[in-house]
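Enquirer: model this:
(one chain, ligands or ions: 2)
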Amino acid sequence: MKKLPKEKVKPFVEKLLQDYEVLGPMETAGFASFGRIMSPGELKLNYQNSKKTPKEAFFPQWEVMFRYRSTGQSVEVKSAEDTGRRRILFGIRPCDIRAALLLDLVFDSLDFKDPYYINKRKGTIVVGLGCNHPASTCFCTSVNGGPFSREGADFFMTDLGDGYLVEVLSQKGRKLLRGFDGKEASEEDKERAKAIADSATRGISSVIEADGLMEKLEKLTEAPFWDFLHEKCLGCGICTYLCPTCHCFDMADEAFDLKGQRVRCWDSCLFPLFTLETSGHNPRPTGRERIRQRIMHKFNYFFYTHKAIACVGCGRCIIHCPVNLDIRRVIDDIHRE
Ligand code: SF4
Ligand code: SF4
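Expert: Ligands and ions are numbered 1, 2, ... in the order given. Got it, this is the predicted structure:
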């Protein structure tokens, strides 16, 4: 464990920028979101939870998969796979790291490997930042996480006020010590970090009852519960776009004349067109089936396939839903059914 005084953060990040592409929390249009930083001054490390999630680092909202061109006799295809970039995801919160671990189960499974995701993920060093002040909407401790969980981080930082306690957690993380000008952490620093982590964990006031949820949902597929739940939902898709674990996408060809490109972009199970078939038939014709899908996928189907709940308790869908549809209330109601 080392300590990086606050005045040495800037030179540390400057060194990292010489060797890596650095993505970190920054202020965009009045809110925190993750983006590529070009200078240490752009980093905003005292954020609570970014509005847009860092999942875009591995699974962008829109990306080109390959480009093609017809020569008249044949078609040339050129992959747009993102290979060989050395990147750092700096200052990511533990809930968002956990979300990346859940996305790994989808995009890097035994059955299915997505090179677009995997190449970006493998080339990225993850620098976690503990959450000293969780928001009132955070419930990470109910879903196997915590404001100071190190799971999935290569390098982890705790804000001590006058500096950061730094922990190297993997070989990838060790590489960052080359640009590090800190000192060994004292026993007092370590005790202070522990006290901060304990206090933050105790400060999580929101909970959901995850135990038994999967079994409960199993019995509720055709329950009248969904008839009422969906009435409030506008189907705007904000909750899915801002959710760090949502990963549905669409693909399309953008072509003109003899050349074009295949792109993929985020989609949402709450949109009517999501399951519309060419015949005109839609297996999820109303909001009832669509919101049921969102809840079932997160808390039942995903668990069934991957033995994990596809929610990390970040609270974004609670904060940003325009009609205050609160997933904590929904889970409570499901248990009461
Ligand atoms: S953000 Fe709220 S209103 Fe919009 S789709 Fe999600 S639950 Fe429905
Ligand atoms: S469902 Fe809501 S609380 Fe859970 S991970 Fe997604 S945005 Fe966060």
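
Enquirer: how about the strands of the protein, start to end?
Expert: 2-5, 21-28, 31-37, 62-70, 75-79, 87-92, 124-129, 155-159, 163-168, 183-184, 249-256, 259-266 (DSSP state E).

Enquirer: Out of the ones you listed, flag the one nearest residue 46.
Expert: strand 155-159 (7.7 Å; Cβ to Cβ). From N, CA and C alone the C-beta is placed, and that goes for glycine too.

Enquirer: How about the residues of the chain by ligand 1?
Expert: 233-239, 270, 321-323, 325 (Cβ under 6 Å from any ligand atom).

Enquirer: So for the residue nearest the centre of the chain, what pLDDT did the model give?
Expert: Centroid check for the chain by Cα atoms, centre = their mean gives residue 244 as the closest residue, at 3.0 Å. Looking at residue 244, its pLDDT stands at 98.

Enquirer: gap between it and residue 4?
Expert: Relative to residue 4, residue 244 is positioned 26 Å away (Cβ to Cβ, to the nearest Å).

Enquirer: for the record, mean pLDDT for stretch 131-144?
Expert: Across stretch 131-144, pLDDT averages out at 97.

Enquirer: list the buried ones in it?
Expert: Neighbour-count burial for stretch 131-144 flags 131-132, 134-135, 137-143 (criterion: 16 or more other Cβ atoms under 10 Å).

Enquirer: ok, is it in contact with ligand 2 or not?
Expert: No: if you take Cβ under 6 Å from any ligand atom as the test, stretch 131-144 misses ligand 2, and the best it gets is 7.1 Å.

Enquirer: Count the neighbours of the closest residue to ligand 2 within the stretch 151-300 of the chain for me.
Expert: Across the stretch 151-300 of the chain, the shortest distance to ligand 2 (Cβ to the nearest ligand atom) belongs to residue 243, at 3.2 Å. Residues near residue 243, counting by other Cβ atoms under 10 Å, number 23.

Enquirer: Would you check how far apart residue 47 and residue 216 are?
Expert: Counting by Cβ to Cβ, the gap from residue 47 to residue 216 is 35 Å.

Enquirer: In terms of neighbours, single out the busier of these two.
Expert: residue 47 (20 against 17).

Enquirer: ok, back up a step: please compare the buried residues of stretch 131-144 by their distance to ligand 1 and name the closest.
Expert: Nearest to ligand 1, judged by Cβ to the nearest ligand atom, of these is residue 137 at 13.5 Å.

Enquirer: Assess the claim that the closest one and residue 315 are in contact.
Expert: Yes: Residue 137 is in contact with residue 315 according to Cβ atoms under 8 Å; the separation is 3.1 Å.

Enquirer: okay, and the common contacts of the two?
Expert: Common contacts of residue 137 and residue 315 (Cβ atoms under 8 Å, 6 or more residues apart in numbering): residue 206.

Enquirer: pLDDT value on residue 22, please?
Expert: So residue 22 comes in at 97 (pLDDT).

Enquirer: doesn't residue 53 make contact with the residue of the stretch 151-300 of the chain closest to ligand 2?
Expert: Yes: judged on Cβ under 8 Å, residue 243 makes contact with residue 53 at a distance of 7.3 Å.

Enquirer: Mind listing the shared neighbours of these two?
Expert: Residues touching both residue 243 and residue 53 (Cβ under 8 Å, 6+ apart): 314, 316.

Enquirer: and the nearest residue to residue 79 once chain neighbours are set aside, how far is that from residue 311?
Expert: In space, and not counting its chain neighbours, residue 79 is closest to residue 66: 5.0 Å by Cβ to Cβ, 6 or more residues apart in numbering. Separation of residue 66 from residue 311 (Cβ to Cβ): 33 Å.
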